[in-house]
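Novice: have a look; sequence and predicted model below, questions after that.
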Amino acid sequence: DQQVKQNSPSLSVQEGRISILNCDYTNSMFDYFLWYKKYPAEGPTFLISISSIKDKNEDGRFTVFLNKSAKHLSLHIVPSQPGDSAVYFCAASLSGGFKTIFGAGTRLFVKA
Amino acid sequence: KAGVTQTPRYLIKTRGQQVTLSCSPISGHRSVSWYQQTPGQGLQFLFEYFSETQRNKGNFPGRFSGRQFSNSRSEMNVSTLELGDSALYLCASSLQGSEQYFGPGTRLTVT
């Protein structure tokens, strides 16, 4: 039972354009959502998060949007850069984040 | 601050053997979580420890176990290894279970 789903295994975007990565979740009790980026041979690194009391959080080129009614969140990267090429994991947790559930990941390719 | 360290980085074992992986969290972090990553499966949650107590456990068989020491360092043990246990095992630490900081992982290959 996948509680966090990333339905697109890969995404290819031209440098300078917008990258939109999507994530769906099934457990309405989740109240904290995170995105991580992973390069090969490295562990995931935290990118940006959002609490369920918000619908948008922005950090530089990265913005996360949360639609609680649709149980959907998305990560926007504008403008996309070749260095953004990596696997992006969506994650969700309950209060306190003691147990975090990750999606399967989306591999982003940014073409120069 | 030093990051999360995991040892060993690479390991090759044969079926039926057991293995112990080690994780040293960031100084001051008391929560340590373990994940298994396999192609197409994302990060599967194994368990989480806080102050030497297992607080959460994922859906893995009892062959997978762990523990945490008083200095917050953690070990994960897998007994009676199976081919399907080949994966990247990631350890992550956090302050209060919010953003997690991951180590580079241990690549386990079971032959």
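Specialist: It's in.
Novice: phi, psi for the residue in chain A that chain B sits nearest to please.
Specialist: Taking C-beta to the nearest C-beta, chain B has its nearest neighbour within chain A at A:G43, 3.1 Å off. Quick note: C-beta positions are derived from backbone N, CA and C, even for glycine. For A:G43, the backbone dihedrals (degrees, to the nearest 10) come out as phi -80, psi 160.
Novice: my guess is it contacts B:L90, does it?
Specialist: Yes. Contact criterion C-beta atoms under 8 Å: A:G43 and B:L90 qualify, at 5.4 Å.
Novice: and for the two, which residues touch both?
Specialist: By C-beta atoms under 8 Å, 6 or more residues apart in numbering or on different chains, A:G43 and B:L90 have these common neighbours: B:F102, B:G103, B:G105.
Novice: which bits of chain B sit near chain A?
Specialist: B:4, B:31, B:33, B:35, B:40-45, B:48, B:50, B:55-56, B:90, B:92, B:94, B:96-105 (C-beta under 8 Å from any C-beta of the partner chain).
Novice: pull the number of nearby residues for residue 105.
Specialist: With no chain named, the answer covers chain A. Residues near A:G105, counting by other C-beta atoms under 10 Å in any protein chain shown, number 26.
Novice: sorry, I should have been clearer: chain B.
Specialist: For B:G105, using other C-beta under 10 Å, the count is 25.
Novice: do the same with A:I20
Specialist: Neighbours of A:I20 (other C-beta under 10 Å): 16.
Novice: bridged to it, which residues?
Specialist: A:I20 has the following beta-bridge partners by DSSP bridges: A:H76.
Novice: that one and A:L73 touch, don't they?
Specialist: No. Using C-beta under 8 Å, A:I20 is not in contact with A:L73, being 11.1 Å away.
Novice: beta partners of the most centrally placed residue in chain B?
Specialist: For chain B, B:W34 is the residue whose C-alpha lies nearest the centre (C-alpha atoms, centre = their mean; 3.5 Å). Note on B:W34: beta-bridge partners B:F47, B:C91, judged by DSSP bridges.
Novice: next up, the contacts around it.
Specialist: B:C23, B:F45, B:L46, B:F47, B:E48, B:G66, B:S74, B:M76, B:Y89, B:L90, B:C91, B:A92.
Novice: spatially nearest residue to the second one (excluding sequence neighbours)?
Specialist: If you skip the residues right next to it in sequence, B:F45 has B:G58 as its closest partner in space, 4.0 Å away by C-beta to C-beta, 6 or more residues apart in numbering or on different chains.
Novice: I am finished for the moment; much appreciated.
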